[in-house]
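> Got a sequence here, can you build the structure:
(chains A, B, C and D)
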Amino acid sequence: MRVLELFDGPLAVEDILARWYREESGSNYGAYIPFIGTVRDEEGIEALSFDIYEPILKSWFDAWQERAKAHDAVLKMAHSKGDVPVHTSSYIAAVFSPKRKVALAMINDFVEDFKASAPIWKYDVRNGERIYAETRSTPMAGSGLLKG
Amino acid sequence: MRVLELFDGPLAVEDILARWYREESGSNYGAYIPFIGTVRDEEGIEALSFDIYEPILKSWFDAWQERAKAHDAVLKMAHSKGDVPVHTSSYIAAVFSPKRKVALAMINDFVEDFKASAPIWKYDVRNGERIYAETRSTPMAGSGLLKG
Amino acid sequence: MVKVEFLGPIGKAPLELDVTNLAELSKALQGDPEMKKWLENCAVAVNDTMVADLNHPLKSGDRVSLLPPVCGG
Amino acid sequence: MVKVEFLGPIGKAPLELDVTNLAELSKALQGDPEMKKWLENCAVAVNDTMVADLNHPLKSGDRVSLLPPVCGG
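The predicted model follows:
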């Protein structure tokens, strides 16, 4: 099962949260926990902007979906590509699970691993220019392999 | 600040999630995490039913709101009174926070303390009859004080 | 008189008792066989504030609530 | 020939190189001064699978991707 959705620009948060709720309304899950990430107005940026490498994002997500399935849970995720203005949202991750504790642990672990492992690059947008958010970025596992 | 909403019967989940998102859309929070609890179809129940003692629920919630405020976060909560049929929802708790890690920790801690401390009593509804969910209930802190 | 109320599933009508602290209330309620189980697992609030001390004083007009095991959500 | 692509902010056009493993690719890229910083912090995928072994063999038609530090969300 893959439930990974990519959109150009900001996410339609209200629609996505409602649609996912409806999609699983008959699945007998006791807990639904979405995490919604919104672009903060910080240091005068106009927007954030995102590049995504989809093949590896999909395989990373599929591996997580297998892990969720082993706990009778399901994960959904939506992410923006391109520019996302301040006070709009770029990221939603959600877990559905029969059990509360599984859901609470999984949303935490999924979001943290997402930050470290999802092949997505973030840029600040200032005066229409994209500036790689280098200091806020995390080298992926195995980085430096080619440094010699 | 108090953002505690009680409703007769099932929650209008889609509306509440969307309204809370809109209410805070200009507040510059980076993370919004709602937890939605839905009644599972288990052991042939028709519904769950809830009694709430509102004065103590409100003071418990207000104490949590102060804790959230100390982390620059805000909590919101909605809960049902009375009957909530299977596959509809009785509980939403949400945290808004500037920071992801604060939000992830707080939704976990809030929901777990809610389970142990919120003065709400749950009943299974079978054949129209309310049966106290005694074995799934948790004695509150300080219980047994009057046992002698 | 102190008003004693029984919340949630206890399903017992409120009482008015002439007691001056929680220890006296405990004694009074132990005389009621249907309350034995609930005294084991109930928490106690006085005027909607949770209390943990059996010496907590009570004055006329106070309201004591017995809160059985909870399960919200 | 092996195709090498540079993802996200690296902003470098793909290369075609005649190398038989990642160690040879490493040597070839070290000759490029603008790649020095990226070699320090990039992870590596071969045909969209992450790899952690410098001895990983490469054959003609393989596609190597360099993935700089990430920040989704």
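> Bridged to residue 49, which residues?
No chain was given, so I picked chain A. Note on A:S49: beta-bridge partners by DSSP bridges are A:D83, A:Y123.
> sorry, should have said chain C
Note on C:T49: beta-bridge partners by DSSP bridges are C:V46.
> can you list the residues of chain A near chain B?
A:13-14, A:17-18, A:21-22, A:25-26, A:28-41, A:87, A:98, A:100, A:103-104, A:107-108, A:111-112, A:115 (Cβ under 8 Å from any Cβ of the partner chain). C-beta coordinates here come from the backbone N, C-alpha and C atoms, glycine included.
> Give the buried subset of these as a PyMOL selection command.
Listed next is the PyMOL selection for buried residues among the residues of chain A next to chain B, using 16 or more other Cβ atoms under 10 Å in any protein chain shown:
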select buried, chain A and resi 13+14+17+18+21+28+29+30+31+32+33+34+35+36+37+38+39+40+87+98+100+103+104+107+108+111+115
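> From the residues of chain A next to chain B, which land in helices?
Those of these mapping onto helices are A:13-14, A:17-18, A:21-22, A:100, A:103-104, A:107-108, A:111-112, A:115, per DSSP state H.
> Filtering these by proximity to chain D, which remain?
Residues shared between these and the neighbourhood of chain D are A:V111, A:K115 [Cβ under 8 Å from any Cβ].
> which one is the residue nearest the centre of chain A nearest to, not counting chain neighbours?
In chain A, the C-alpha nearest the mean C-alpha coordinate belongs to A:Y91, at 4.6 Å (Cα atoms, centre = their mean). What sits nearest to A:Y91 in space, not counting adjacent residues and going by Cβ to Cβ, 6 or more residues apart in numbering or on different chains, is A:G37, at 3.7 Å.
> right, and that neighbour touches A:S89 too?
Yes. Between A:G37 and A:S89 a contact is recorded at 6.2 Å, counting by Cβ atoms under 8 Å.
> Go ahead and report the secondary structure state at the residue sitting nearest the centre point of chain C.
When Cα atoms, centre = their mean is applied to chain C, the residue found nearest the centroid is C:L66 (4.1 Å). When classified by DSSP: H, G, I helix; E, B strand; the rest coil, C:L66 comes out as strand.
> max-length helix in chain C?
Per DSSP H, chain C has its longest helix at helix C:22-30.
> For the following helix or strand past it, which residues meet the burial criterion?
Downstream of helix C:22-30, the first helix or strand assigned by DSSP states H and E is helix C:36-41. Within helix C:36-41, the residues that count as buried by 16+ other Cβ under 10 Å are C:W38, C:L39, C:N41.
> about what we covered before: nearest to chain C, out of the ones in helices among the residues of chain A next to chain B: which one, please.
Using Cβ to the nearest Cβ, A:R100 comes nearest to chain C of those, at 7.4 Å.
> If you drop the residues flanking it in sequence, what lies closest to the closest one?
Setting aside the residues directly before and after it, A:R100 is nearest to A:A31 in space (Cβ to Cβ, 6+ apart), at 4.8 Å.
> correct me, but the one you found touches B:V39?
No. Assessed by Cβ under 8 Å, A:A31 is found out of contact with B:V39, at 11.4 Å.
> show me what contacts C:P68?
Shown in contact with C:P68 (Cβ atoms under 8 Å, 6 or more residues apart in numbering or on different chains): B:W121, B:S137, B:P139, C:L7, C:G8, C:P9, C:I10, C:W38, C:N41, C:C42.
> again, only this time at 10 Å
By Cβ atoms under 10 Å, 6 or more residues apart in numbering or on different chains, the contact list for C:P68 reads B:119, B:121, B:132, B:134, B:137, B:139-140, B:143, C:6-10, C:37-38, C:40-43.
> go on, C:M1?
Going by Cβ under 10 Å, 6+ apart, C:M1 touches C:L15, C:E16, C:L17, C:D18, C:V19, C:L58, C:S60, C:G61, C:D62.
> Do a quick rundown of the strands in chain A.
With DSSP state E as the criterion, chain A has strands at A:4-8, A:31-38, A:47-52, A:74-85, A:89-97, A:120-126, A:129-132.
> Out of those strands, flag the one nearest C:N47.
Closest to C:N47 of the strands of chain A, according to Cβ to Cβ: strand A:31-38, at 35.3 Å.
> Adjacent strands (with direction) for the closest one?
Partners of strand A:31-38 in the sheet, by DSSP bridges, are strand A:89-97 (antiparallel), strand B:31-38 (antiparallel).
> Poorly predicted segments of chain A, please.
A:1-2 (pLDDT under 70).
> need the residues of it near chain C, please.
Where chain A comes near chain C, counting by Cβ under 10 Å from any Cβ of the partner chain, the residues are A:G30, A:A31, A:R100.
> Now for the residue nearest to the first one when sequence neighbours are not counted: which residues touch it?
Distances taken as Cβ to Cβ, 6+ apart place B:R40 nearest to A:G30, at 4.8 Å, with adjacent residues excluded. B:R40 makes contact with A:S27, A:N28, A:Y29, A:G30, A:A31, A:P98, A:K99, B:L48, B:V86, B:H87, according to Cβ under 10 Å, 6+ apart.
> Of the contacts of C:M1 - the most surrounded one?
With neighbours defined as other Cβ atoms under 10 Å in any protein chain shown, the most crowded of the contacts of C:M1 is C:L58; it has 22 neighbours.
> That one touches C:V46, doesn't it?
Yes. Assessed by Cβ atoms under 10 Å, C:L58 is found in contact with C:V46 at 7.0 Å.
> A:Q65 and chain D: what is the separation?
To chain D, A:Q65 is 17 Å away according to Cβ to the nearest Cβ, to the nearest Å.
> For that residue, grab the count of nearby residues.
Using other Cβ under 10 Å, A:Q65 is surrounded by 19 other residues.
> got the contact list for A:A103?
By Cβ under 10 Å, 6+ apart, A:A103 lies in contact with A:29-33, A:68, A:71, A:73, A:94-97, B:35-37, B:108, B:111.
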